[in-house]
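Trainee: structure for this input, please:
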Amino acid sequence: MKVLHSVNEIRQAVRAARAGRPTVNVGFVPTMGYLHKGHASLLEAARKKSDIVVLSIFVNPLQFGPNEDFSRYPRDEQRDLALAKEAGVDFVFLPSVDDMYPRPTKTIVSVSEVTDRLCGASRPGHFDGVATVVTKLFNMVQPDFAFFGMKDAQQVAVIQQMVDDLNIPVDIIPCPTLREEDGLAMSSRNVYLQPEERKQALVLSSALRLAERLVKESNGTIAAEELQAAVKQHIEQSPLAQIDYADVLTYPSLEPVTDLKAVSSIIVALAVKFGKTRLIDNTIIQL
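Mentor: Next comes the predicted model:
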């Protein structure tokens, strides 16, 4: 495994790995580090589908708002590298902020409509930062496949829209959310949770299971407003839970829905704060 820091290094390494091997494909897993088993599952999927696996670790300042946790976002480079090596990564791209943004950025990639709701509404500018850095990384690595976890389903929808609209030659591979044994979705931010917050955060996965059960029991006839109200009421039973959103939308277009019978799939998407820690989770329900 090679650890590379500059844009030129990663470009040259991937180019050399492809040299004389026209059928070789490259799988790419972009992350912000502090890796856990959820990231390991993305790397495993990349290893199975790709000849060369590239992992990037970069906490991207463009996707953090002025009052968000960029400075305190958890980082552990040595642990990350150990996990990457164990997962069979070929190249780790570990740039600094100066490597990624050597001068003030005057070009921003902005995806409309699918960013209007959920995290796009509550974190203005967040997905502009995501789309911009992912575009840059795709240009640097030039992968054939890119692997993203469905825990952030809106991010997957945004990146897929961007790739389609800009004709970027990368296949986006969504991967299932990995969960702890008790149901909590794996996240680098879980480390922030105090013991009682961690316990009450289980309300997210139980709310999603409730939504799935209500849709199944009603055979898809439950009104979206009723489903959303039931999910919110369930979450509000946890006194530490502060709901940012608990929405029912079409997926992947992320549009409002009233009649579930009129659509093929929906997302029940949650963002809830416990203390200072904001967690997201979701379930996609096929109808």
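Trainee: can you give me the helices for the stretch 1-150 of the chain?
Mentor: According to DSSP state H, counting those that start in this stretch, the stretch 1-150 of the chain carries its helices in the segments 7-18, 37-49, 77-86, 97-100, 119-122, 126-141.
Trainee: identify whichever of those lies nearest to residue 245.
Mentor: Evaluated with CB to CB, those place helix 119-122 nearest to residue 245, the distance being 6.4 Å. For every residue, glycine as well, the C-beta is placed using N, CA and C.
Trainee: what sits against residue 190?
Mentor: 184, 198, 201, 277, 279 (CB atoms under 8 Å, 6 or more residues apart in numbering).
Trainee: neighbours of the fourth one, how many?
Mentor: It refers to residue 277. 18 (other CB atoms under 10 Å).
Trainee: how far away is the nearest residue to it once chain neighbours are set aside from residue 40?
Mentor: Leaving out its chain neighbours, the residue that sits closest to residue 277 by CB to CB, 6 or more residues apart in numbering is residue 192, at 4.2 Å. Using CB to CB, to the nearest Å, we find residue 192 at a distance of 21 Å from residue 40.
Trainee: repeat for residue 144
Mentor: Separation of residue 144 from residue 40 (CB to CB) stands at 21 Å.
Trainee: and what of residue 267?
Mentor: Counting by CB to CB - residue 267 and residue 40 are separated by 25 Å.
Trainee: what about residue 118, distance to residue 269?
Mentor: Noted for residue 118: a distance of 5 Å to residue 269, by CB to CB.
Trainee: which neighbours do those two share?
Mentor: 154, 245, 247, 249.
Trainee: now, among those residues, which is nearest to residue 18?
Mentor: Minimum distance to residue 18 across those is 32.4 Å, recorded for residue 154 (CB to CB).
Trainee: grab the nearest non-local neighbour of the closest one.
Mentor: Spatial nearest neighbour of residue 154, chain neighbours left out: residue 118 (5.0 Å); criterion: CB to CB, 6+ apart.
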